[in-house]
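Enquirer: Here is a sequence together with a model predicted from it:
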Amino acid sequence: MNVAKSSGKLGILVPGMGAVGTTLIAGVYAINKGMSKPIGSLTQMGRIRLGKRDMDNKPLIKDVVDIHALQDVVFGGWDVFADNVYESAVHAEVIDKTMLDELKPELEQIKPMKAVFDKSYAKRLEGTHIKQGETKMDLAEALMEDIRQFKETNGCDRMVMIWCGSTEIYIEEGDVHQSVTALEEGLRTNHKDIPPSMIYTYAAVKMGIPYANGAPNLSCDIPAILELAEQTQTPVAGKDFKTGQTLMKTILAPGLKCRALGINGWFSTNILGNRDGEVLDDPDNFKTKEISKLSVLEQILEPEKNPDLYKDLYHKVRINYYPPRGDNKEGWDNIDIFGWMNYPMQIKIDFLCKDSILAAPLALDLVLFLDLAKRAGMSGIQEWLSFYLKSPQAPKGVTPMHDIFKQQIKLENTIRYIGGEELITHLGQDY
Ligand SMILES: NC(=O)c1ccc[n+]([C@@H]2O[C@H](COP(=O)([O-])OP(=O)(O)OC[C@H]3O[C@@H](n4cnc5c(N)ncnc54)[C@H](O)[C@@H]3O)[C@@H](O)[C@H]2O)c1
């Protein structure tokens, strides 16, 4: 495969410089200064098997495909608050203050540009650092101007955008999302079903900038953006980082299914006290997240094909805003399973996680793999990146793939394909 070289500087554009955004940025600076290892990131630490099993050849992924070097990235972004990245990271309370103080000179240089924001899509946010514009198209053009200036000021060769902004209210796909023409008309007439996140998406994809969506907002998951992505040859990946509870779910559910164990109940609840939790405390915003989280089990377990095992499955997901915990989310799962002769059993999970610590390496990998995809001439939905996403996008008529082990096979084979290596199908003697 012909892949352009990863030379020069890569600009990483982050709409939403809150807990995840600042943890990503501070982490990359800490890694570049030798203060930390890129734990959790496959582009930096992951290995991949090549060739037959007895060859025991497992190089680093970054030695198989040309991943852009972390030393040559530059960050920019937007937020509804004017705090620089240092201030915002202190507020998020994810990273230890001593570590942040060592990174302060670099982090305080990164100041968010004024956001495209409308409170009616995130009712719990009181933003003050906001662009003004008569139409949504004016705002999209203002974002494109920001991007052009950022590129010039920082001497970027290429750019990638990753949405780390808040989860917006639930919006269903409608007529305005069906084509580029309809979307552009909607932008000019301020259609209510075009939330701020979609304005950023439009601006990026219009400029041919690869786009990843870390939230469950519709964003790039609409026909209009996919049409635009084909026109501008832009790869996209969404939606919603697969961290914490959903990560556990997509590890465990395939395991139970492959042993033909039945499940009749899966109750998941969380306490979370960061700004994300506060935004999700509004029922309209929670609905967007709930739908993203609920889709997982249905697809993995396929109750219609396995009615004796899963037809009665009751799946419930709750998120409770609980300020004392900050970013230290606690997620409980109670799973009611049954086995031989219908005997019931229970599994309990109590995951005390750090939400943004889990999300930051996913954000980094998404950005670097999307840049690779762009250089490899790949465009549209990058299904091989489903591995990182809670509610992965799939082409029309195809069910999204949630099983993390199938996602991993797809990710690894795509890396082999881009790297010009033989695919591993587990057929024949090499298995
Ligand atoms: N942390 C995780 O593990 C995780 C996992 C999956 C998904 N997510 C999603 O990632 C997103 C970020 O999470 P977080 O914990 O960093 O939340 P956060 O609230 O700390 O940060 C979000 C930031 O986005 C800003 N923002 C909101 N609307 C904006 C707009 N229109 N333009 C620019 N900035 C805007 C907010 O001011 C805030 O600073 C959320 O949507 C969350 O649901 C997070």
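Expert: Structure received.

Enquirer: tell me which parts of the stretch 251-400 of the chain are close to the ligand?
Expert: Residues of the stretch 251-400 of the chain lying near the ligand by Cβ under 6 Å from any ligand atom: 274-276, 279, 355-356, 358-359. Yep, even glycine has a C-beta here, placed from its N, CA and C like the rest.

Enquirer: Let me see the domain layout of this protein.
Expert: 10-241+357-418, 245-352 (automatic domain parsing).

Enquirer: Going along the chain, name the strands of the protein.
Expert: 10-15, 73-79, 113-114, 158-163, 211-213, 235-237, 262-272, 314-321, 330-338, 344-352, 380-381 (DSSP state E).

Enquirer: so how far is the second one off the chain centroid?
Expert: A distance of 16 Å separates the C-alpha centroid of strand 73-79 from that of its chain, computed with Cα atoms, centre = their mean, to the nearest Å.

Enquirer: That strand near the ligand anywhere?
Expert: Yes: residues of strand 73-79 are located near the ligand by Cβ under 6 Å from any ligand atom, namely 78-79.

Enquirer: before we move on, the earlier item: export the strands of the chain to JSON lines and append columns for mean neighbour count.
Expert: Output for the strands of the chain, formatted as JSON lines (neighbours: other Cβ atoms under 10 Å):
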{"stretch": "strand 10-15", "mean neighbour count": "26"}
{"stretch": "strand 73-79", "mean neighbour count": "24"}
{"stretch": "strand 113-114", "mean neighbour count": "20"}
{"stretch": "strand 158-163", "mean neighbour count": "26"}
{"stretch": "strand 211-213", "mean neighbour count": "29"}
{"stretch": "strand 235-237", "mean neighbour count": "28"}
{"stretch": "strand 262-272", "mean neighbour count": "20"}
{"stretch": "strand 314-321", "mean neighbour count": "16"}
{"stretch": "strand 330-338", "mean neighbour count": "18"}
{"stretch": "strand 344-352", "mean neighbour count": "11"}
{"stretch": "strand 380-381", "mean neighbour count": "21"}
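
Enquirer: what would those look like in CSV with distance to residue 247 and mean pLDDT?
Expert: Output for the strands of the chain, formatted as CSV (distance: least, Cβ to Cβ, whole Å; pLDDT from 0 to 100):
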stretch, distance to residue 247, mean pLDDT
strand 10-15, 22, 98
strand 73-79, 25, 98
strand 113-114, 32, 98
strand 158-163, 18, 98
strand 211-213, 17, 98
strand 235-237, 17, 98
strand 262-272, 12, 94
strand 314-321, 14, 92
strand 330-338, 10, 96
strand 344-352, 9, 96
strand 380-381, 21, 98
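
Enquirer: Could you export those strands to TSV, including columns for distance to residue 148?
Expert: Listed next are the strands of the chain as TSV, based on distance: least, Cβ to Cβ, whole Å:
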stretch	distance to residue 148
strand 10-15	11
strand 73-79	12
strand 113-114	12
strand 158-163	10
strand 211-213	17
strand 235-237	20
strand 262-272	37
strand 314-321	38
strand 330-338	41
strand 344-352	43
strand 380-381	24
